[in-house]
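> Provide a 3D model corresponding to the input given below.
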Amino acid sequence: MKRTINHILLIFTATLMLVSCNDGASLQRYFVDNQESKNFITQDVPISMLKIDASKFTNEQKEAYNSVSRLNFLGYKTSEADDKTLKVELAKVKTILSDEKYNDLIEFSDKGNKVVVKYIGTDEEADEVIVFGSSKELGFGIVRVLGNEMSPDKMVTLVSILQSADIDKGQVQDIMKFFK
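Numbers count the residues shown, from 1 in each chain. I've put the predicted structure just below:
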């Protein structure tokens, strides 16, 4: 009898573990699956490589800048011949980002280009921030912002810093060439 109960418990535990495994699509899985695919480019950029002069930052700006440790970039370059593939890949990314774990932060459009910023976490602390930009002419890019003690407020501050910063273009030159 005791042996039967042990077998039932073992089967129940194994079943529970198999059912709880999530085979759903994730942004990290999408990055890994496409890092060496045709028309894709990936690049990991430590925030220190951007060589931003932080000497004139306010304390709030320094805190936002220091909360980020690295950026993971995945880009897809479209061509006239593969407009269908662009639509398929965009649909995959949009499906992933429509998951309820991604909270909306900012969304805007400019001249046919769309940018969406989302985050995983709470209003006080973001575990990951995702910037997704797309253009019919160029393709799309996804940036995963990773760090410690990030918050949505800090990320808004960081965006303003990066817009006015003199970033060393050599650090992102491969990405810029890819989209030309």
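
> Quick check: next helix or strand after the one helix or strand in the chain whose mean pLDDT sits lowest?
Using mean pLDDT, DSSP states H and E, the weakest-scoring helix or strand in the chain turns out to be helix 2-20, at a mean of 46. Tracing the chain C-terminally past helix 2-20 and defining elements by DSSP states H and E, one meets helix 27-34 next.

> Below-threshold pLDDT in this structure: ranges please.
1-24, 50, 81, 163-180 (pLDDT under 70).

> What segments of it are strands?
Applying DSSP state E to the chain gives strands spanning 40-46, 68-77, 102-110, 113-121, 126-135, 139-150.

> how about those strands in a markdown table, adding distance to residue 62 and mean neighbour count?
C-beta coordinates here come from the backbone N, C-alpha and C atoms, glycine included. A markdown table is the format used below for those (distance: least, CB to CB, whole Å; neighbours: other CB atoms under 10 Å):
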| stretch | distance to residue 62 | mean neighbour count |
| --- | --- | --- |
| strand 40-46 | 17 | 15 |
| strand 68-77 | 12 | 19 |
| strand 102-110 | 21 | 13 |
| strand 113-121 | 20 | 18 |
| strand 126-135 | 18 | 20 |
| strand 139-150 | 13 | 19 |
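
> Residue 160: which of those strands is closest?
strand 102-110 (11.5 Å; CB to CB).

> quick one: contacts for the most centrally placed residue in the chain?
A centroid search over the chain (CA atoms, centre = their mean) returns residue 144, at 2.7 Å, as the residue closest to the centre. When contacts are counted by CB atoms under 8 Å, 6 or more residues apart in numbering, residue 144 is found next to 27-28, 31, 71-73, 128-130.

> can you rerun that using 6 Å?
Contacts of residue 144 were listed using CB atoms under 6 Å, 6 or more residues apart in numbering, and they are 72, 128, 130.

> ditto for residue 154
Each residue near residue 154 by CB under 6 Å, 6+ apart is listed here: 64, 67.
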